[in-house]
Structure formats: C-alpha cells, structure tokens
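**Student:** Return a 3D structure for these sequence lines:
(4 chains)
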Protein chains: 2
Amino acid sequence: MTKANHESLLDICRRHGLRITGQRRVILEVLDASGDHPDVEELHRRVAAIEPGINIATVYRTMNKLAEKGLIERHMFEDGRLRYEPAPEQHHDHFINLETGEVVEFRSDEIERLQEEIARKHGFEIVSHKLELYVRARKPR
Amino acid sequence: MTKANHESLLDICRRHGLRITGQRRVILEVLDASGDHPDVEELHRRVAAIEPGINIATVYRTMNKLAEKGLIERHMFEDGRLRYEPAPEQHHDHFINLETGEVVEFRSDEIERLQEEIARKHGFEIVSHKLELYVRARKPR
DNA sequence: ATGGATGCAAAATTTTTGCAGCTCC
DNA sequence: GGAGCTGCAAAAATTTTGCATCCAT
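**Tutor:** A predicted model of the protein is given here:
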C-alpha cells in the first residue's frame, strides 16, 4: 500500500524550482509518508510532531503552491475541509467508508473510458474528474 | 430542461411535516425555480429579491433541515462552498465546465452499474456517490 | 398553547493575507 | 543581494449557535 521506489516529493520540488526550506523538508516528508488524505489541520499536527514551531499558515501556503504545480491533489469530500494527497502516477478514485471514515482507493479503466465517451458526446473534453463512492461494509445475510 | 409536472417542494415539505412559514415558502419557491446549483449566498440573494428581510441564517437552517430529510441534495464542488439542488427523482452526475463555471447534468446507467460491481468486489455497499467531470469545450481541429 | 422557526449578533471554523524579518540560492 | 519563504496576527469567508421573540399548527 505504501509508495516505494518513487522519486521523493522533495526531488520533484527541486526539479520544479521550489525553494527547499527546513519547513518544506518536513512538510514534504510528512506528505510522502501519508498513505491517507489528511486535511491541513492533520498535516500541521503531524508536521509539528517532527518539528514544532512550523506555522499552519506555512502549511496552507505550501499546499497551495504544491497544488498549483500539480504536485499534490486537492480533494473536497463532504466534510467540507480541504484534503490532500501526493499526486498519484495514475489517477484513481475513492471509496469513503461512512461508518469508519476510511478512504480506499480504486481504479476502473472501464469507467474512465465511459467517462471519456460521455464527455465527447456532450462536446466536452475532460480536464480532470472525481468519483467518490460513499459506502458501508456489505451486510452478509 | 425545467422540471415540470412534479410535486412542488412545498407539498413535499408538508408531507414531511415541516412547518410552512412565509420565509420557507419563498425559499422553496426559489429552489423549485432554480435549474442550477446555487450556494447559500446566491440563494439568499434570490430569496431577498422576492422578499427582503429574510436572514441568511434562516436560509442555512432551512437548507440543513431539507438536506437532513433528503429533500435536497448538497454538493461540495472544488470551489469549497456548499451548493444545493432539489433532490432529483433519479440520480445524476455533473459536468463542471471549468471555462464558464456552468454545471451540466448527465447520467449513465452503465457507469452506475460498474460502480455497483466494483463496490461489491471490494465488499462494500454503495450508500451514495458522486461523479464530477471537470471539462472544457472540445476544441474543433 | 406550545414547539418549532426566525432575526440578530456573536462565535466558531477554515483559509487567506499584510508585513517585517529571515534564508536559500 | 534579492526573490522567495516564514511567523505572527489580523482579516476574510463561510457556517453555526444562543437567545429572545414570534408564529404555524
């Protein structure tokens, strides 16, 4: 489940010409280590655990900058807070377990294909998309 | 494109035992007439155009109550504001035109079916879902 | 009559911003 | 050195809430 063998966000940022400060180093490390979709407050908590004194405004500003460059993905689930995850190499969608809050990733090429097809029929070109399935564990009978 | 021949939100509310006040009458009327997905501020603006003096807190409280009863649908697009639409008889998904901000509804039974299938494979049961395609007009070559 | 709805203002939450100082390149 | 980043505090933006009053049922 964890990402392995990938270029670190740190390196990607360097490539994009972003300045690497002590704070960013920590924030990027936290993002790299996160397998979930934390909101800014949660990120700030994790960052502060490693290096206290980093201001939440810095986290906001960093996330905005990274999102702007497409290095992370911004989500807005129904809870109304911004959530982030490192940009996946391949797009995926999300199950959100309503009972546990857990977020599980999945991908369906067939659905992706159908989306393209429908968009084309409507004269649109897809820039990005988001599919969220709000679910609960299937009750065994 | 407009809804016709349907029970009014007003009647639905009555059936659900909600108290019908002057303010609600106006809010429901605005909702019924809205073919789009207004946020609370926009709703309040439209409501105030008909009957000034209705407080925005009342709009918020009414929307919360209606959403709670499932009479309207709450959306959270990427702009980070709560948006609403009268509950559709049949579920549909959304194109969001990034160039114009326009929201277009669509539905694909095939995608719906695939979603069910994938959820089942993961041991989940879908409670609700949301599919948003962020698009732009297809460039003619 | 009475429980629910409203207006108003205050509070809570989440995110952005102005500014002075600091630091990476 | 200078553009970019940070901390801090204040502001902005969105949503909720306490309370006294009012009104639909």
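**Student:** how about residue A:73, phi and psi?
**Tutor:** Torsion angles at residue A:73 (phi, psi; degrees, to the nearest 10) stand at phi -110, psi 140.
**Student:** what is it paired to in the beta sheet?
**Tutor:** Residue A:73 has the following beta-bridge partners by DSSP bridges: residue A:85.
**Student:** Now do the contacts for it.
**Tutor:** Residue A:73 makes contact with A:67, A:84, A:85, A:86, A:87, A:88, according to Cβ atoms under 8 Å, 6 or more residues apart in numbering or on different chains. C-beta: built from backbone N, CA, C; applies to glycine.
**Student:** how about 10 Å then?
**Tutor:** Going by Cβ atoms under 10 Å, 6 or more residues apart in numbering or on different chains, residue A:73 touches A:37, A:66-67, A:83-88, A:91-92, A:128, A:130.
**Student:** Residue A:100 now?
**Tutor:** A:136, A:137.
**Student:** who's in contact with residue A:80?
**Tutor:** So residue A:80 contacts A:39, B:74, B:76, B:80, B:81, B:82 (Cβ under 10 Å, 6+ apart).
**Student:** if you set the cut-off to 7 Å instead, what comes out?
**Tutor:** Residue A:80 sits next to residue B:76 when contact means Cβ atoms under 7 Å, 6 or more residues apart in numbering or on different chains.
**Student:** Phi and psi next, for it.
**Tutor:** Backbone torsions of residue A:80, given as degrees, to the nearest 10, read phi 80, psi 10.
**Student:** Show me what the longest strand along chain A pairs with in its sheet, parallel or antiparallel.
**Tutor:** The longest strand of chain A (DSSP state E) is strand A:124-137. Sheet pairing for strand A:124-137, assigned by DSSP bridges, gives strand A:93-97 (parallel), strand B:124-137 (antiparallel).
**Student:** Point out the most buried one among the ones you listed.
**Tutor:** Mean neighbour count (mean count of other Cβ atoms under 10 Å in any protein chain shown) peaks for strand A:93-97 among the strands paired with strand A:124-137, with a mean of 20.
**Student:** I'd like the distance between residue A:24 and DNA strand D.
**Tutor:** Separation of residue A:24 from DNA strand D (Cβ to the nearest atom of the strand, to the nearest Å) stands at 5 Å.
**Student:** which residues touch the residue positioned nearest the centre of chain A?
**Tutor:** Computing the C-alpha centroid of chain A and ranking residues by Cα atoms, centre = their mean puts residue A:85 first, at 1.9 Å. Residue A:85 makes contact with A:37, A:72, A:73, according to Cβ under 7 Å, 6+ apart.
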